[in-house]
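S.K.: Need a 3D model of the sequence below.
(chains A, B, C and D)
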2 protein chains.
Amino acid sequence: MSHTLGIRQAQKQKTRQALLDAALELLEEQSLSSLGLREVTRAVGVAPTAFYRHFDSTADLGVALVEEALGSLHAVIHDALTATWDSDERIARTVELIARHVRAYPAHVRFIARERHGGVRRVREAISEQLGQFADEVRAALRLDPEAAGWTEEDLLMLASLYVDHMVITASAFLTTAPEDLARVSGLAERQLRLVTLGRKHWLDLS
Amino acid sequence: MSHTLGIRQAQKQKTRQALLDAALELLEEQSLSSLGLREVTRAVGVAPTAFYRHFDSTADLGVALVEEALGSLHAVIHDALTATWDSDERIARTVELIARHVRAYPAHVRFIARERHGGVRRVREAISEQLGQFADEVRAALRLDPEAAGWTEEDLLMLASLYVDHMVITASAFLTTAPEDLARVSGLAERQLRLVTLGRKHWLDLS
DNA sequence: AAATACAGAGAACAGTTGTTAACTGGATGA
DNA sequence: TCATCCAGTTAACAACTGTTCTCTGTATTT
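M.R.: Numbering: from 1, shown residues only, chains lettered A, B, ... in the order given. All right, here's what the predicted structure looks like:
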């Protein structure tokens, strides 16, 4: 049911995307709070004033980038979690999934890691909301597992948050690791996940 | 053996500290990569050129801030880890220690969380080095525990990294939490630590 | 075919930035 | 006491910033 865009709107979206792409690249070596609107338009090759046709400010652009970087991940996470392998293989595949994603979209990952605690309030809030949503989706997926019997929703969310935070940390670690050390980082992340999973198995032993 | 500084050097250190303090405050609502040298000197009330008597650039100042924020923490961490309470109380006290530190030095904590993945390479590296050192110190402390029998050094470092990362995340969470929700965040962090500790207890069950 | 909407261009604005050079005046050391 | 040092000042620079207003040309609508 996707309505074909007119020439005009199509061109507009193209410029908008060019601005987002240019910004993302410029953000590889600086933070959003130092990104200037002129800098972005210069990189794209349009007049500075054209920026205002798409965004109110660079902060506004940042919020759009959050959507671009995290919006499409919900489906991926859902698939990864509902696949039912045995525990150890599931861990290895999850870490591999993260590694692939970082390789495919390094600039997006860097942006999220950087701006999660960055200097622009609205962007922090947008990221926080998305990650909170991830945690809740993970919690829902964990609920389906037989092992979740006896767990409170609160404790499931506690575990889900641990997983999500660990995912972000791992992604960021992949980003700053030289190619020859990637395997070491993978191994580290896997063992950490295995330890957490072990804790999960014994959570109800006596509480 | 601390040699009394001359009037001259004393005054110099005083302005230097004033620059660091002003910068730290300005950094509460922006990132280091957008912090201008004139901005800092204006806040202190000295001429812009005076800045160069103390730092080459704002990146240089950032590295100094890392030292100020994390340098004094090694001793604190050491004390917290060698104290021998039983496990659950130890966890509660650790989380409480973090909460206190965040309340006492919020700007320092914010700075570290923000610049850990921030836009200035040298500062990222300085933080990474300090956190890596923390992890190694935690590993050494874990080694002393009877429970570490049978553990490889690699696995101990794996666990230590998990603790350090969790500490940073928790500190950052305290920072962005309204006073009435602090208890909830404490509870969450404690349960996560308890789960990790549970995994630790069963790590050698069959590997 | 004519009227309108609107993405982008152009020019100009006041204010900001980092950095250089030459200077001042009080603490320091001979 | 006198020469030296040096933390901080003053003034000036070219370059840059976000934002405003006015204009243009083409796609869209009537």
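
S.K.: List the contacts of the most centrally placed residue in chain A.
M.R.: By CA atoms, centre = their mean, chain A has its centre lying nearest to residue A:70, at 4.6 Å. By CB atoms under 8 Å, 6 or more residues apart in numbering or on different chains, the residues touching residue A:70 are A:112, A:127, A:130, A:131, A:134. Bear in mind the C-beta positions are built from the backbone N, C-alpha and C, glycine included.

S.K.: So for residue A:90, what's the nearest residue that isn't a sequence neighbour?
M.R.: Leaving aside its chain neighbours, residue A:90 sits nearest to residue A:83 (7.3 Å; criterion: CB to CB, 6 or more residues apart in numbering or on different chains).

S.K.: got the contact list for the worst-scoring helix or strand of chain A on mean pLDDT?
M.R.: The weakest-scoring helix or strand in chain A, judged by mean pLDDT, DSSP states H and E, is helix A:73-82 (a mean of 88). For helix A:73-82, contacts defined as CB under 8 Å, 6+ apart pick out A:93, A:94, A:97, A:101, A:133, A:134, A:137, A:138, A:141, A:142, A:144.

S.K.: Would you list the buried entries among those?
M.R.: By neighbour count, with 16 or more other CB atoms under 10 Å in any protein chain shown, the contacts of helix A:73-82 hold A:94, A:101, A:134, A:137, A:138, A:141, A:142 as buried.

S.K.: Which members of the residues you listed are the farthest-apart pair?
M.R.: A:101 and A:142 (20.8 Å; CB to CB).

S.K.: Next secondary structure element downstream of the helix or strand encompassing residue A:103?
M.R.: For residue A:103, the element it lies in under DSSP states H and E is helix A:87-104. Of the helices and strands lying after helix A:87-104 in sequence (DSSP H and E), the nearest is helix A:106-115.

S.K.: domains in chain A, as residue ranges please.
M.R.: According to automatic domain parsing, chain A comprises the domains A:7-55, A:68-201.

S.K.: For the residue nearest to residue A:63 when sequence neighbours are not counted, which residues are in contact?
M.R.: Sequence neighbours aside, residue A:126 is the residue nearest to residue A:63 in space, at 4.9 Å (criterion: CB to CB, 6+ apart). By CB under 8 Å, 6+ apart, residue A:126 lies in contact with A:62, A:63, A:66, A:67.

S.K.: List buried residues within these.
M.R.: With burial judged by 16+ other CB under 10 Å, the buried subset of the contacts of residue A:126 is A:62, A:63, A:66.

S.K.: nearest to residue B:9, of those residues?
M.R.: Residue B:9 lies nearest to residue A:62 out of the buried ones among the contacts of residue A:126, by CB to CB, at 43.7 Å.

S.K.: The closest one against residue A:122, yeah?
M.R.: Yes. Counting by CB atoms under 8 Å, residue A:122 is a contact partner of residue A:62 at 7.3 Å.

S.K.: Chain A: helices as residue ranges?
M.R.: Assigned helices in chain A, in chain order: A:7-26, A:37-44, A:58-70, A:73-82, A:87-104, A:106-115, A:121-144, A:153-175, A:182-201 (criterion: DSSP state H).

S.K.: least reliable of the ones you listed going by mean pLDDT?
M.R.: For those, the bottom mean pLDDT is recorded on helix A:73-82, which sits at a mean of 88.

S.K.: Could you count how many residues lie near residue A:78?
M.R.: Each residue near residue A:78 was counted by other CB atoms under 10 Å in any protein chain shown, and the total is 14.

S.K.: That one and DNA strand D: what is the separation?
M.R.: To DNA strand D, residue A:78 is 36 Å away according to CB to the nearest atom of the strand, to the nearest Å.

S.K.: next one: residue A:151
M.R.: As judged by CB to the nearest atom of the strand, residue A:151 and DNA strand D stand 49 Å apart.

S.K.: cool, and residue A:38?
M.R.: 3 Å.

S.K.: ok, which residues in chain A are in contact with DNA strand C?
M.R.: Neighbours of DNA strand C within chain A, by CB under 7 Å from any atom of the strand: A:8, A:11-12, A:14-16, A:45-50, A:53-54.

S.K.: closest to residue B:158 among those residues?
M.R.: Of all those, residue B:158 sits closest to residue A:16, with 43.9 Å by CB to CB.

S.K.: Identify the residues contacting the closest one.
M.R.: Taking CB under 8 Å, 6+ apart, one finds residue A:54 in contact with residue A:16.

S.K.: Apply 10 Å and report the result again.
M.R.: A:44, A:53, A:54, A:55, A:61, A:64 (CB atoms under 10 Å, 6 or more residues apart in numbering or on different chains).

S.K.: For residue A:43, give me its contacts.
M.R.: So residue A:43 contacts A:18, A:19, A:21, A:22, A:23, A:25, A:26 (CB under 10 Å, 6+ apart).

S.K.: quick one: pLDDT of residue A:3?
M.R.: pLDDT for residue A:3: 62.

S.K.: Please disregard the earlier target; I meant residue A:207.
M.R.: On the pLDDT scale, residue A:207 gets 57.

S.K.: and if you look at residue A:36?
M.R.: For residue A:36, the model assigns a pLDDT of 98.

S.K.: Counting neighbours, what do you get for it?
M.R.: Neighbours of residue A:36 under the rule other CB under 10 Å: 13.

S.K.: And residue A:184, by the same measure?
M.R.: 13.

S.K.: Contacts only, for the closest residue to it other than its chain neighbours.
M.R.: Of all residues not flanking residue A:184 in the chain, residue A:177 sits nearest, at 7.9 Å (CB to CB, 6+ apart). Contact analysis of residue A:177 by CB under 10 Å, 6+ apart lists A:99, A:102, A:183, A:184, A:185, A:186.

S.K.: Just the buried ones among these, please.
M.R.: Buried residues within those, counting neighbours by 16+ other CB under 10 Å: A:99, A:102, A:185, A:186.

S.K.: what's the distance between the closest residue to the second one other than its chain neighbours and residue A:64?
M.R.: Think residue A:102. Spatial nearest neighbour of residue A:102, chain neighbours left out: residue A:174 (4.3 Å); criterion: CB to CB, 6+ apart. Distance, residue A:174 to residue A:64, using CB to CB, to the nearest Å: 25 Å.

S.K.: Please save the CA atoms from stretch A:25-36 in CSV.
M.R.: Below are the C-alpha coordinates for stretch A:25-36, written out as CSV (Å, rounded to 0.1, in the frame of the first residue of the first chain):
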residue,chain,number,x,y,z
GLU,A,25,30.1,10.1,9.2
LEU,A,26,31.2,13.3,10.8
LEU,A,27,30.2,11.9,14.1
GLU,A,28,32.8,9.2,13.9
GLU,A,29,35.3,11.6,15.3
GLN,A,30,33.3,14.0,17.4
SER,A,31,30.2,14.2,19.5
LEU,A,32,26.8,15.4,18.5
SER,A,33,27.0,18.4,20.8
SER,A,34,29.9,19.8,18.7
LEU,A,35,28.4,18.9,15.3
GLY,A,36,27.6,22.1,13.4
